[in-house]
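Q: Provide a 3D model corresponding to the input given below.
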Amino acid sequence: QQPLENSVVYEMNVRQYTPEGTFAAAQKQLPRLKDLGIDIVWLMPIHPIGVEGRKGTLGSYYAIRNYTEINPEFGTMKDFENFLAEAHRLGLRVVIDCVANHTSPDAVWTTERAPQWYERDSSGKTTYTADWSDTANLNYDNKDVWQGMADAMRFWMEKGIDGFRCDMACEVPLEFWQETIAGLRADYPQMYWLAEGEEPKLHTLSGFNASYSWELHHMMNDIAQGKKSIPELLAYLEKDAQRHPASANAFRLMFTSNHDENSWAGTEFERMGDAHKAFAALTFVLPKSQPLIYTGQEIGLNRRLQFFEKDSVVELVDLEYGKEYRDFYKALCAFRHNNEVLAAGNDVAPIVYVEGAPETVLAFTREKGDNKVLCVFNFSAEATKLTITGEAADEYYCTCCDATKEFKAGDVVELEPWGFMLLSK
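A: Next up, the predicted model:
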């Protein structure tokens, strides 16, 4: 297994991942993910979905009826256990979604637990957040809820999973996570915890390994659309370095798509256009980054997946389909794995910007020991040139062209529109 700090995460939408939409079918595809360079497979919620208030035909994974059962749409508990065993045999970690903020309105807890387990309005009805009318908010003023959720998470750890991606992590008290993570880590010290949230205390107080870089994601969209530029990106990176210092040992999940963005905001092709590859590459090389690939991105899928209906990515099982993107992401994963200087964690190699770069170019080196990378991005629809400085001059292996390149101070590099180079020594 890759160390957590240099791992690549794959978000698997089980319903859409294969024509069958089952664990048994997905299990057969795990060697493909291993070959791609994936280290952590994050499964969107795997539990039964509520019927009351259900959206669409099949409903939202995030409206959970029972935290300790398997969604029959995906198969049986035995099917899940077989999937998990095969993933572990291949050296993959498996994490599942933990939806701690709410259940479905007809969840087993609504009848098997006291009424005080839920937030309720003046008439006694359960409440929900935003337009999530297929959910019911849990009441975290009640410590019994804390214990119930911790017990449900322990159930899955005892099955052998490797950790959790925690949905809307800041919607419940950070102290809940602090207590629960500490309690589970006492028995499972190698657990991986990913928070959907950006609050620094998710790391410093609660103990999460990784948190979402939502602000970076939206900034990348804005740069691709001409709404922002390199200075704003540099300011963001400086701010994020201060909010999440190396001492916090924080991984920052970076992505050009995920289930929310794909279904509701659009594909990376819609949001980023010709810039989508450059920004995908950026997520693999920034300090503290932990890159994420969402179902279908590895074949260049250019459509929004339906969220409440069956909408299989049938092209995934054809290994010749989307070969350009399979090769692209495989090269990015290999670049990440082969260069320890890119690892997140508490000993992050600093970023050193190449001086004198054009205003549309982000160029930097990162160096640790005898490992050095030079990363150059033209975030513009116009071709441009970069003059190599003494700091960046060296002999490198170029991932993009699979060749050795030697750069001397004063050499001029031509960059295509939205072009980039990843070089390593």
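Q: going by C-alpha atoms from here, please, whenever you check contacts or count neighbours.
A: Noted.
Q: would you map the helices across the stretch 301-425 of the chain?
A: Under the criterion DSSP state H, counting those that start in this stretch, helices of the stretch 301-425 of the chain are mapped to 323-338.
Q: sorry, slip of the keys, the one I care about is the stretch 151-300 of the chain.
A: In the stretch 151-300 of the chain, the segments counted as helices under DSSP H, counting those that start in this stretch are 174-187, 201-204, 214-224, 230-243, 259-260, 268-272, 276-282.
Q: just name the most buried of those.
A: The highest mean neighbour count among the helices of the stretch 151-300 of the chain, using mean count of other C-alpha atoms under 10 Å, belongs to helix 276-282: a mean of 22.
Q: got a pLDDT number for Lys239?
A: Per-residue confidence (pLDDT) for Lys239: 96.
Q: quick one: the most far-flung residue of the chain relative to its centre from Ser133, how far?
A: Distance from the C-alpha centroid of the chain peaks at Ser123, with 39.5 Å (C-alpha atoms, centre = their mean). Ser123 is 17 Å from Ser133, where distance means C-alpha to C-alpha, to the nearest Å.
Q: Thr18: which of the helices of the stretch 151-300 of the chain is closest?
A: Taking C-alpha to C-alpha, helix 259-260 is the member of the helices of the stretch 151-300 of the chain nearest to Thr18, at 15.8 Å.
Q: related to what we said a few turns ago, same list (the helices of the stretch 151-300 of the chain) but as CSV, adding distance to Val317.
A: Putting the helices of the stretch 151-300 of the chain into CSV (distance: least, C-alpha to C-alpha, whole Å) gives the following:
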stretch, distance to Val317
helix 174-187, 37
helix 201-204, 37
helix 214-224, 29
helix 230-243, 37
helix 259-260, 20
helix 268-272, 21
helix 276-282, 23
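Q: got the contact list for the closest residue to Met272 other than its chain neighbours?
A: Nearest residue to Met272, sequence neighbours excluded (C-alpha to C-alpha, 6 or more residues apart in numbering): Ala224, at 5.1 Å. When contacts are counted by C-alpha atoms under 8 Å, 6 or more residues apart in numbering, Ala224 touches Arg271, Met272, Gly273, Ala275, Phe379, Ser380.
Q: quick one: secondary structure of Lys55?
A: Under DSSP: H, G, I helix; E, B strand; the rest coil, Lys55 falls in the coil class.
Q: for it, the count of nearby residues, please.
A: Counted with other C-alpha atoms under 10 Å, residues neighbouring Lys55 total 17.
Q: how far away is the closest residue to it other than its chain neighbours from Ser380?
A: Closest residue in space to Lys55, ignoring its immediate chain neighbours: Phe308 at 6.4 Å, by C-alpha to C-alpha, 6+ apart. Separation of Phe308 from Ser380 (C-alpha to C-alpha): 37 Å.
Q: more neighbours: which of those two?
A: Ser380 (23 against 15).
Q: what is the neighbour count of the closest residue to Leu286 other than its chain neighbours?
A: Leaving aside its chain neighbours, Leu286 sits nearest to Leu342 (7.4 Å; criterion: C-alpha to C-alpha, 6+ apart). Residues contacting Leu342 under the criterion other C-alpha under 10 Å number 28.
Q: what does the one 4 residues further on give?
A: Per other C-alpha under 10 Å, the neighbour tally for Asn346 reads 15.
Q: tell me the contacts of it?
A: Ala246, Ser247, Ala248, Asn249, Ala250.
Q: what of Asn339?
A: By C-alpha under 8 Å, 6+ apart, Asn339 lies in contact with Asn371, Lys372, Val373, Ser424.
Q: measure the third one to Ala278 for me?
A: With distances defined as C-alpha to C-alpha, the gap from Val373 to Ala278 amounts to 16 Å.
Q: with the first one instead?
A: Applying C-alpha to C-alpha, the value for Asn371 to Ala278 is 23 Å.
Q: kindly report the same for Ala169.
A: Ala169 is 29 Å from Ala278, where distance means C-alpha to C-alpha.
Q: next one: Glu359
A: Distance check for Glu359 against Ala278: by C-alpha to C-alpha, it reads 16 Å.
Q: point to the residue nearest the middle of this protein.
A: The residue lying closest to the centre of the chain (C-alpha atoms, centre = their mean) is Leu292, at 3.8 Å.
Q: parallel or antiparallel, which strands does the stretch of helix or strand Val94 belongs to pair with?
A: Under the criterion of DSSP states H and E, Val94 resides in strand 93-98. Sheet pairing here is set by DSSP bridges, and for strand 93-98 it gives strand 40-43 (parallel), strand 163-166 (parallel).
Q: the spatially closest residue to Gly356 that is not a sequence neighbour: how many residues sit nearby?
A: Leaving out its chain neighbours, the residue that sits closest to Gly356 by C-alpha to C-alpha, 6+ apart is Thr387, at 7.6 Å. Using other C-alpha under 10 Å, Thr387 has 19 neighbouring residues.
Q: partners of Thr387 in the sheet?
A: Counting by DSSP bridges, Thr387 is bridged to Val412.
Q: isn't it right up against Val413?
A: Yes - Thr387 lies in contact with Val413 (C-alpha atoms under 8 Å); the separation is 6.3 Å.
Q: all strands of the stretch 301-425 of the chain, in order?
A: Along the stretch 301-425 of the chain, counting by DSSP state E, counting those that start in this stretch, strands occupy 352-353, 361-368, 371-378, 384-387, 394-398, 403-407, 412-415, 420-424.
Q: what residues does the last one touch?
A: Residues external to strand 420-424 that are found in contact with it (C-alpha under 8 Å, 6+ apart): 278, 339, 371-378, 396-400.
Q: top of these by neighbour count?
A: Asn378 (28 neighbours).
Q: can you pull up the bridge partners for that one?
A: Beta bridges link Asn378 to Val361, judged by DSSP bridges.
Q: number of nearby residues for the residue nearest to Arg65 when sequence neighbours are not counted?
A: Sequence neighbours aside, Ala107 is the residue nearest to Arg65 in space, at 4.0 Å (criterion: C-alpha to C-alpha, 6+ apart). Neighbourhood size, Ala107 [other C-alpha under 10 Å]: 22.
Q: thinking Ala107 is in contact with Gly50, fair?
A: Yes - using C-alpha under 8 Å, Ala107 is in contact with Gly50, at 6.5 Å.
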